[in-house]
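**Student:** quick one: sequence and predicted model below, then my questions.
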Amino acid sequence: MVKLLIIVVQEQDFPRLSSAFTHNHVLATKFCTEGLYLNKKNITLMVCIPKEREEEILNYIRSSCTEREEERQVSEFNGMTMVDVTKSVKVGGATVFFMDVDRMNKY
Amino acid sequence: MVKLLIIVVQEQDFPRLSSAFTHNHVLATKFCTEGLYLNKKNITLMVCIPKEREEEILNYIRSSCTEREEERQVSEFNGMTMVDVTKSVKVGGATVFFMDVDRMNKY
Amino acid sequence: MVKLLIIVVQEQDFPRLSSAFTHNHVLATKFCTEGLYLNKKNITLMVCIPKEREEEILNYIRSSCTEREEERQVSEFNGMTMVDVTKSVKVGGATVFFMDVDRMNKY
């Protein structure tokens, strides 16, 4: 059974994850994306794997992407208008969505 | 239960939708995309939400994205070759796909 | 019933596929993407179609995208470090993922 993983990863963690995937023949498609809230570039990867490799892939993600706190300017709504505030936000880390694929064909 | 919404929105409607999402802490990932038929830039958002927020999110989309008619040059096949024709096409508005997510992890 | 097709297609095959889709009123959203392993630009299309059109769409893909061998430099891990090797790799062709869509709305 085939699974589609959508992985949103921060730019600073991408080189390590990309190299883990390349070493281990994980085929991925890379999208240059942006997080809406922090207005910050990130990278979204689409990976299709057999269900048995799920834990292996998650291990690459866990060891490449770490969450940490950073001071950042964000736009927030104060009830009246949008204001820029400095906030300690979590950056880094990855978000992974697991989707079922009906079928996958190659031509 | 978690839902993945894929929202294709026109450029002119994006600022309003983006601001509604930011105000209401809807986390979204932004992809710069293009509609194939009209050859026109648009924006695709990937939003992951708990099922209970579905109607709320749709309300932000409904009130930010409106469909309207515009004159545009499109390429059409006239049976012999591709020709440029001026057509009144619908622009604006959004298309929303609702997908099931097996699970979602953060690292 | 509605299906979401995610089609990863090579740059050189895209014009033919795009023209087949435009001729036949297949609405698609285009993402500029990159294959991680070969570090090569490609194009990802998201197409939403009624289930009955599945075979028709696959026919457009089959006749537009052909796989062929090419010599390419790829980075591989030789057990010690990453090395550049010339390999005969398959290029062209398309990968298609079929996903179920819960529902689809237009606004």
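**Tutor:** Received the coordinates, thanks.
**Student:** mind checking the SS state of the residue lying farthest from the centre of chain A?
**Tutor:** Distance from the C-alpha centroid of chain A peaks at residue A:80, with 32.9 Å (Cα atoms, centre = their mean). Here residue A:80 is coil, with the state taken from DSSP: H, G, I helix; E, B strand; the rest coil.
**Student:** and it, backbone torsions?
**Tutor:** Torsion angles at residue A:80 (phi, psi; degrees, to the nearest 10) stand at phi -120, psi -50.
**Student:** could you do residue A:66 as well?
**Tutor:** According to degrees, to the nearest 10, residue A:66 has phi -120, psi 140.
**Student:** just give the number of residues close to the nearest residue to it once chain neighbours are set aside.
**Tutor:** Among residues not flanking residue A:66 along the chain, residue A:92 sits closest, at 5.4 Å (Cβ to Cβ, 6 or more residues apart in numbering or on different chains). For the C-beta atoms, the positions are set from N, CA and C on the backbone; glycine is no exception. A count of nearby residues for residue A:92, using other Cβ atoms under 10 Å in any protein chain shown, gives 16.
**Student:** what pairs with residue A:92 across the strands?
**Tutor:** residue A:67 (DSSP bridges).
**Student:** please report how far it lies from residue A:86.
**Tutor:** Distance of residue A:92 to residue A:86, given as Cβ to Cβ, to the nearest Å: 18 Å.
**Student:** also residue A:19?
**Tutor:** For residue A:19, the distance to residue A:86 - Cβ to Cβ - is 33 Å.
**Student:** of the two, who's got more company?
**Tutor:** residue A:19 (16 against 9).
**Student:** which phi and psi does residue A:38 have?
**Tutor:** phi -90, psi -10.
**Student:** can you show me the helices along chain A?
**Tutor:** In chain A, the helices defined using DSSP state H lie at A:14-23, A:54-64.
**Student:** and those helices, which is most packed in?
**Tutor:** Highest mean neighbour count among the helices of chain A (mean count of other Cβ atoms under 10 Å in any protein chain shown): helix A:14-23, with a mean of 18.
**Student:** wait, does it contact chain C?
**Tutor:** Yes - counting by Cβ under 8 Å from any Cβ of the partner chain, contacts between helix A:14-23 and chain C involve A:18, A:19, A:21, A:22, A:23.
**Student:** wait, what's in contact with the residue nearest to residue A:4 when sequence neighbours are not counted?
**Tutor:** Of all residues not flanking residue A:4 in the chain, residue A:99 sits nearest, at 4.4 Å (Cβ to Cβ, 6+ apart). Contacts for residue A:99 (Cβ atoms under 8 Å, 6 or more residues apart in numbering or on different chains) come out as A:3, A:4, A:5, A:6, B:4, B:99, B:100, B:101, B:102, C:99.
**Student:** out of the residues of helix A:14-23 next to chain C, the closest to chain C would be?
**Tutor:** residue A:23 (4.4 Å; Cβ to the nearest Cβ).
**Student:** so what's the closest one closest to, chain neighbours aside?
**Tutor:** residue C:77 (4.4 Å).
**Student:** any idea how far apart the tips of stretch A:57-77 sit?
**Tutor:** Separation of the first and last residues of stretch A:57-77 by Cα to Cα, to the nearest Å is 38 Å.
**Student:** what's next to it, contact-wise?
**Tutor:** Residues contacting stretch A:57-77 (Cβ under 8 Å, 6+ apart): A:5, A:7, A:9-10, A:13, A:16-17, A:20-21, A:24, A:26, A:37-39, A:47, A:49, A:82-94, A:96, B:22-23, B:105-107.
**Student:** now stretch A:15-28
**Tutor:** Counting by Cβ under 8 Å, 6+ apart, A:7, A:9, A:30, A:45-49, A:53, A:56-57, A:60-61, A:63-65, A:94, C:35-37, C:75, C:77, C:82 sit against stretch A:15-28.
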